[in-house]
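Visitor: Okay, predicted coordinates and the sequence, questions at the end:
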Amino acid sequence: MHGDPMMWVAGIRALYLQALHPRAVRGVMQNSDFRKDAWGRLMRTANFVGTTTYGTTEAAERAGARVRKIHRMLSATDPDTGERYGVDEPELLLWVHCAEIDSYLSVARRSGFCLTDAQADRYIGEHRTSARLVGLDPDAVPANQAEMAAYFEKVRPDLAAGPEARAVDDFLLRPPTHPLLVPAREVLWRRVAHLAYAALPPYAHELYGRPAAKPATVTRQLRVTGTLLRGVPARVRWQLPPKHILRAMARLGPGSRPRPYKLGR
């Protein structure tokens, strides 16, 4: 599933969703220059996901240890109370994890990637391993769709579109780019960002205060986009960084290439 091109749209949806947790997004904004290093941050996230998906067990464990070490050194301050807290609080790590996995699963299925409910539950359950790698207790992480839905219902009162979320929203709509690339940003990137935003749950649209098309319309748009992107030959798509699929195939042999039709067996 992570080899599907719609994962890039899902990743942007995850950023929109993650930014709605004030304490979590504050930890990002206070510890990095998001606007200047956004591409680097996105690539580091993509590299972690690619390593834990397609790398060796040893590589995944090293990646997790690196993330945990970095998180231990970082903290943020609540501007209202003056409270200083670590970005590795389980509550914050769990929110980032669930927003990411929910986005991957939701966008993939709505865009036409065929998964049964049992497979969707298995996907969520498998990601308790990636949750462990970033420092969470796997037993405290949702293991299926029902538990994931219950988690989001529980955390919704804590969500808000504060100044940091507004900054993320502004960045995703208008990321800094070379002047010559501004037309391409307006034509291509904004469409992708708008689609990712539209794919958010309705309560997220309410918090951001920007409307979106009806869910059925958004699903049709996701399906059309997914169909177009999947029409690009896989070998071409896999050349994009970070190229984890190609490295895994080189290590395991061509018979290991991702084949979504295998899910139907």
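Guide: Here it is on my side, so go on. Only a predicted model underlies this, so the values are computations on that prediction, with no experimental measurement involved. Residues are numbered from 1 along each chain as shown.

Visitor: Give me the nearest residue to A60, chain neighbours excluded.
Guide: T52 (4.6 Å; C-beta to C-beta, 6 or more residues apart in numbering). Any C-beta I mention is one placed from the backbone N, CA and C, and that applies to glycine too.

Visitor: List the residues that contact the one you found.
Guide: T52 makes contacts with A60, A63, G64, T129, S130, L133, as judged by C-beta atoms under 8 Å, 6 or more residues apart in numbering.

Visitor: Please report the distance of it from E61.
Guide: 9 Å (C-beta to C-beta, to the nearest Å).

Visitor: Find residues that contact each of those two.
Guide: L133.

Visitor: And the strands in the chain, which stretches?
Guide: For the chain, applying DSSP state E gives strands covering 75-77, 84-86.

Visitor: Direction included, what does the last one pair against?
Guide: Applying DSSP bridges, strand 84-86 is found paired with strand 75-77 (antiparallel).

Visitor: Show me which residues of the partner strand are buried.
Guide: For strand 75-77, burial by neighbour count (16 or more other C-beta atoms under 10 Å) applies to A76.

Visitor: average pLDDT across that strand?
Guide: In this model, strand 75-77 carries a mean pLDDT of 96.

Visitor: swap in stretch 173-188?
Guide: On average, stretch 173-188 scores 75.

Visitor: so how far is it from its chain's centroid?
Guide: In terms of C-alpha atoms, centre = their mean, to the nearest Å, the centre of stretch 173-188 is set 22 Å apart from its chain centre.

Visitor: what residue ranges in the stretch 101-250 of the chain are flagged as low confidence?
Guide: By pLDDT under 70, the weakly predicted segments of the stretch 101-250 of the chain are 178, 181, 185.

Visitor: ok, now how distant is P260 from L115?
Guide: According to C-beta to C-beta, P260 and L115 sit 9 Å apart.

Visitor: Residues that sit against both of these two, list them.
Guide: M1.

Visitor: Helices along the stretch 101-250 of the chain, start to end?
Guide: In the stretch 101-250 of the chain, the helices defined using DSSP state H, counting those that start in this stretch lie at 117-126, 128-133, 145-155, 163-173, 182-184, 190-198, 202-208, 215-230, 234-237, 244-252.

Visitor: Quick one: closest of the ones you listed to P22.
Guide: helix 163-173 (7.0 Å; C-beta to C-beta).

Visitor: what does that closest one contact?
Guide: 12, 15-16, 19-20, 22, 25-26, 28-29, 34-35, 38, 161, 190, 193-194, 196-197, 207-208, 210.

Visitor: Same check on stretch 219-229?
Guide: Stretch 219-229 is contacted by residues 4-6, 9, 107, 110-113, 195, 198-199, 213, 237 when judged by C-beta under 8 Å, 6+ apart.
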